[in-house]
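**Student:** next input, structure requested:
(one chain, ligands or ions: 1)
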Amino acid sequence: MGRLLIVSNRLPVTVHRKRGQLHFEPSAGGLATGLSSFYRSYNALWIGWPGIDKREGTANKDDIKEKLLAENCYPVFLSQKEVDEYYGKFCSATIWPLFHYFPQYASYTQSSWQAYEKANHTFCDAIVEVWEQGDTIWVHDFHLMLLPQMLRERLPDPTIGFFLHIPFPSIELFRLLPWRSQLLNGMLGADLIGFHTWEYAGHFLSSSRFLLGYDSWMGRITAGDRISKVDAFPMGIDYERFAGTAITSEVEKEVEKLDRSFKDRKVVLSVDRLDYSKGILRRLEAFGLFLERNPQYREKLTFVLVVVPSRTMVARYALLKRQIDELVGAINGKHGTIGWTPVWYMYRSIPFQTLVALYRRADVGLITPVRDGMNLVAKEYLASRVDGRGVLVLSETAGASKELGEALTINVNNDNDIVEALEHALEMPDAEQAERLRIMQRRLRRYNVQRWAEDFIHTLLDSSKLQEEMGVKPLGAQSRRKLIKCYHEAQRRLLLLDYDGTLVPFASRPSKAVPTREVLDLLSELGRQSHIDVVLTSGRDRDSLDGWFGELPISMIAEHGVWLKPRETRQWEMIEPLNADWKEEVRPILEMYADRTPGSFVEEKDFSLVWQYRRSDSRLGELRARELVAHLEGLTTNLDLQVLEGNKVVEVKNSGVNKGRAALRWLNANEYDFVLAIGDDWTDEDTFKSVPEECWSIKVGLSTTAARYNISSHNKALALLHELLQQGEQGH
Ligand code: GDG
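**Tutor:** Prediction:
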């Protein structure tokens, strides 16, 4: 593997100017600290904004670049104005509230969206500058959701991973975004898309399915002509750093200092950035209620509330700060005594060792965000409890709760829940505390941030094998050239072409999939070439095919092989005498499923009945399709029928009749030295199986098939046929 390029909004190093001098300092935040050890051990380059205005940056460009490169960092220069628009507005006032389930706080402005697009382009330019063949790109977080697709358009076959650190919301929220399709497509430019929990991954998959029509199977999503993998990778922490620091003599001393202040009082701790998603006000209210209900804890308990300043210029955050100040004042005013302040409130960032000392001293970690992608503080608290004591109370709406089943989980909207969990935590016997901690610590030590990153990178590197895993055999350039050459040189050719999904895309109603002028001309010109048989192999009824293609010099197969119309006779003939009396018995069953499944309907042909659910909710449709197939099973064996599950259809027809058998009518009658079958559906698999092995067969769509090759879309099928047409004309 080449280098690993990590891309995030901020670099792990922040540059600023103090008294005319440039200063380089480590950046704060979970990602920067978590990945810092990992990226140094890898052959990695970190690309991001160094925190300094573009003008300053440009003036000292070489100097900054050189110093950052020494730290394996590469700067993306943005002006303060660009950052205000892209980060301050679009990221903080649109994405952040919406993705954290605060739609009422989200604003949607075109200018900030444009700034977001522009910033993503600026990042893209910087990466294109440094990328070399073989490098792997790992893009982080909601600031850069458009970047994977932009990179894919600019670089030749790059390997790209994307990880979202915040929740991906349910489709009912995500669809509120005016730019939802652009963001989904942007992320889908990545080979691997990672989330903290499987729930977020599920929300992403349903948004892609319902908003873009992209189906997925086992976390593999087919988006146009690519397959991306979607999976959960719960981010870990640098466990040894916390556990190791917790036993240093400096931290011991800090803990002793804390002991002198708290005496033998119990300590409850919370640490958050100032943000409405963190549930700080609710937590304080619940603490007030706890004191009222538990007078025995007066003077025996201190709540240490650490709030790290953030986005202080934004009015909503300034208001939240005032509300916290007031509520802390109200609780302390109401319950405090001369010698006891119930809430110890620190509104600032604290040094690392003080943080670890507080983790070590706190009897309870009270982590109650309203929503949180993961929440690393909860994990850090557990890692620092080297003494085997301490209880974690955690919101079920924090991503971390999915892994930390031994914590006391609460619903943050239920203050009784928080109060009871606090009571439970404070009363919990030491042995139980130790047991719960032991289980959680073991997991956190094993799946630490290093493992998390390695797991992601390995899965990303494996993603190139995805197509192989799914049984996909892409028609590569070399095979394509050979196919065209064989066509050119052949003396007698047969083309077996499916229609829907192969020559035209699917439409919501079968009657809407009218052939385009391009398709009609193509078929007609192909049919006019010498030494060729063009056979349209369709599931449609005779009348539709006659209406559209009746005048063309081609042969046709209708109703999946029931009817054949050779070009020479221009007469429809039935493949064998068939009986359709069974329809009376089967039709009411299909109609019942149509009634129960909004958007679905029954289509009737001479010798088949089809239940179509293309316009239904696809999950409901698939469920009903399975039920219907099971329902029909007993009946159809008695009546000598077969049930076919196609692309959003279930079709019932006489057994033994299929496109493959119909195709034999041509295959057996002539000596072809070139045969090409193209189709997209299950029903085309019979055709693929009927053509001799050395012939050409291509499935449109990237899934397992009996065909020799796959191509991704009907557009590619048309392009290939156009090329054959040209070659054929030159050849004969
Ligand atoms: C995103 C997601 C997700 C905090 N206060 C101090 C301090 N910290 C450190 C903590 C922790 C980090 O900051 C905060 O981590 P979080 O997980 O809570 O949140 P973010 O990194 O802001 O945000 C979040 C995370 O990404 C990772 O994917 O978990 O859900 O929103 O490491 O220790 N460090 C010091 N002093 C402080 O006062 N030294």
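
**Student:** now do the helices in the stretch 551-700 of the chain.
**Tutor:** Along the stretch 551-700 of the chain, counting by DSSP state H, counting those that start in this stretch, helices occupy 583-596, 618-638, 659-667, 682-690.

**Student:** for residue 145, which of these is the nearest?
**Tutor:** Residue 145 sits nearest to helix 618-638 of all those, at 24.2 Å, using C-beta to C-beta. Where C-beta positions appear, they are placed from N, C-alpha and C, glycine not excepted.

**Student:** tell me what angle the closest one forms with helix 583-596.
**Tutor:** 160 degrees (axes from the mean of the first three to the mean of the last three C-alpha atoms, to 10 degrees).

**Student:** and helix 618-638, average pLDDT?
**Tutor:** Averaging pLDDT along helix 618-638 yields 85.

**Student:** and that helix, what does it pack onto?
**Tutor:** helix 583-596, strand 641-646, strand 649-654 (3 or more C-beta pairs under 8 Å, 6 or more residues apart in numbering; DSSP states H and E).

**Student:** buried residues, that helix. List them.
**Tutor:** For helix 618-638, a neighbour-count test (16 or more other C-beta atoms under 10 Å) marks 618, 621, 624-625, 628-629, 631-632, 636 as buried.

**Student:** and the angle for it with strand 641-646?
**Tutor:** Going by the same axes, to 10 degrees, helix 618-638 makes 160 degrees with strand 641-646.

**Student:** let's number from 6 now, not from 1
**Tutor:** All set: I'll call the first residue 6, so the last point we hit is now helix 623-643.

**Student:** next one: helix 623-643 to chain centre, how far?
**Tutor:** 30 Å (C-alpha atoms, centre = their mean, to the nearest Å).

**Student:** which stretch among the helices and strands packed on helix 623-643 comes nearest residue 487?
**Tutor:** strand 646-651 (30.6 Å).

**Student:** out of the helices of the stretch 556-705 of the chain, the one nearest the ligand is which?
**Tutor:** helix 623-643 (28.5 Å; C-beta to the nearest ligand atom).

**Student:** and the angle for the closest one with strand 654-659?
**Tutor:** Using the same axes, to 10 degrees: helix 623-643 against strand 654-659 is 10 degrees.

**Student:** ok, residues contacting helix 623-643?
**Tutor:** 214-215, 220, 590-591, 594-595, 598, 601-602, 604-605, 616, 618, 621, 646-648, 650, 653, 655, 657, 660 (C-beta atoms under 8 Å, 6 or more residues apart in numbering).

**Student:** buried ones among these?
**Tutor:** 214, 220, 591, 594-595, 598, 602, 605, 616, 618, 621, 646-648, 650, 653, 655, 657.

**Student:** so can I have a markdown table of the helices and strands packed on helix 623-643 showing distance to residue 411?
**Tutor:** Listed next are these as a markdown table, based on distance: least, C-beta to C-beta, whole Å:
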| stretch | distance to residue 411 |
| --- | --- |
| helix 588-601 | 43 |
| strand 646-651 | 44 |
| strand 654-659 | 46 |
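
**Student:** just put the ones you listed in JSON lines and tack on distance to the ligand and mean pLDDT.
**Tutor:** Listed next are the helices and strands packed on helix 623-643 as JSON lines, based on distance: least, C-beta to the nearest ligand atom, whole Å; pLDDT from 0 to 100:
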{"stretch": "helix 588-601", "distance to the ligand": "41", "mean pLDDT": "93"}
{"stretch": "strand 646-651", "distance to the ligand": "41", "mean pLDDT": "86"}
{"stretch": "strand 654-659", "distance to the ligand": "43", "mean pLDDT": "90"}
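
**Student:** residue contacts, the nearest residue to residue 282 once chain neighbours are set aside?
**Tutor:** Leaving aside its sequence neighbours, residue 282 sits nearest to residue 105 (C-beta to C-beta, 6 or more residues apart in numbering; 4.2 Å). By C-beta under 8 Å, 6+ apart, residue 105 lies in contact with 171-172, 174, 282, 375-377.

**Student:** repeat for residue 286
**Tutor:** Counted by C-beta under 8 Å, 6+ apart, residue 286 has contacts 325, 328-329, 332.

**Student:** out of those, which end up buried?
**Tutor:** The buried subset of those (16+ other C-beta under 10 Å) comprises 325, 329, 332.

**Student:** touching the ligand at all, the one helix or strand the first one maps to?
**Tutor:** With secondary structure defined by DSSP states H and E, residue 325 is part of helix 320-340. No - using C-beta under 6 Å from any ligand atom, helix 320-340 never reaches the ligand; the gap is at least 13.9 Å.

**Student:** contacts for that helix?
**Tutor:** Contacts for helix 320-340 (C-beta under 8 Å, 6+ apart): 110, 279-281, 285-286, 289-290, 292-293, 296, 303, 310, 312, 314-317, 346-348, 350, 352.

**Student:** show me the contacts for the closest residue to residue 148 other than its chain neighbours.
**Tutor:** Using C-beta to C-beta, 6+ apart and skipping the chain neighbours, the partner closest in space to residue 148 is residue 14 (3.9 Å). By C-beta under 8 Å, 6+ apart, the contact set of residue 14 is 53-54, 92, 96, 145-146, 148-149.

**Student:** quick one: residue 14 is in a strand?
**Tutor:** Yes - Residue 14 sits within a strand when classified using DSSP: H, G, I helix; E, B strand; the rest coil.

**Student:** any idea how far the helix or strand that contains residue 725 is from the middle of the chain?
**Tutor:** Residue 725 is part of helix 719-736 when elements are defined by DSSP H and E. Put simply, helix 719-736 sits 36 Å off its chain's centre (C-alpha atoms, centre = their mean).

**Student:** stretch 429-446 now?
**Tutor:** The answer for stretch 429-446 is 36 Å, by C-alpha atoms, centre = their mean.

**Student:** near the ligand, which residues of the chain? Just list them.
**Tutor:** 34-36, 38, 170-171, 240, 276, 278, 311, 313, 354-355, 357, 360, 377-382, 385.

**Student:** what's the burial count for the residue in the stretch 156-305 of the chain positioned nearest to the ligand?
**Tutor:** Residue nearest to the ligand within the stretch 156-305 of the chain: residue 170 (3.6 Å; C-beta to the nearest ligand atom). Using other C-beta atoms under 10 Å, residue 170 is surrounded by 20 other residues.

**Student:** show me the shaky parts of the protein.
**Tutor:** 230, 469, 472-474, 513, 733-737 (pLDDT under 70).

**Student:** which stretches in the stretch 306-455 of the chain count as strands?
**Tutor:** Applying DSSP state E, counting those that start in this stretch to the stretch 306-455 of the chain gives strands spanning 306-313, 348-352, 369-372, 396-400, 413-415.

**Student:** who touches the last one?
**Tutor:** Identification of contacts with strand 413-415 by C-beta under 8 Å, 6+ apart yields 373, 396-401, 406, 422-423, 426, 429-430.

**Student:** ok now that strand, how far from the chain's centre?
**Tutor:** Using C-alpha atoms, centre = their mean, the offset of strand 413-415 from its chain centre is 28 Å.

**Student:** what's the answer for the second one, then?
**Tutor:** A distance of 39 Å separates the C-alpha centroid of strand 348-352 from that of its chain, computed with C-alpha atoms, centre = their mean.

**Student:** partner strands of that strand, with direction?
**Tutor:** Note on strand 348-352: by DSSP bridges, its sheet partners are strand 306-313 (parallel).

**Student:** what does the partner strand rub up against?
**Tutor:** Contacts of strand 306-313 (C-beta under 8 Å, 6+ apart): 267, 270-279, 285, 289, 292, 326, 329, 333, 345-355, 360, 363, 367, 371, 431.

**Student:** okay, buried residues for it please.
**Tutor:** 306-312.

**Student:** how much space separates residue 30 from residue 603?
**Tutor:** 59 Å (C-beta to C-beta, to the nearest Å).

**Student:** where does the closest residue to residue 508 other than its chain neighbours land in three-state SS?
**Tutor:** In space, and not counting its chain neighbours, residue 508 is closest to residue 524: 5.0 Å by C-beta to C-beta, 6+ apart. With three-state DSSP as the basis, residue 524 sits in helix.
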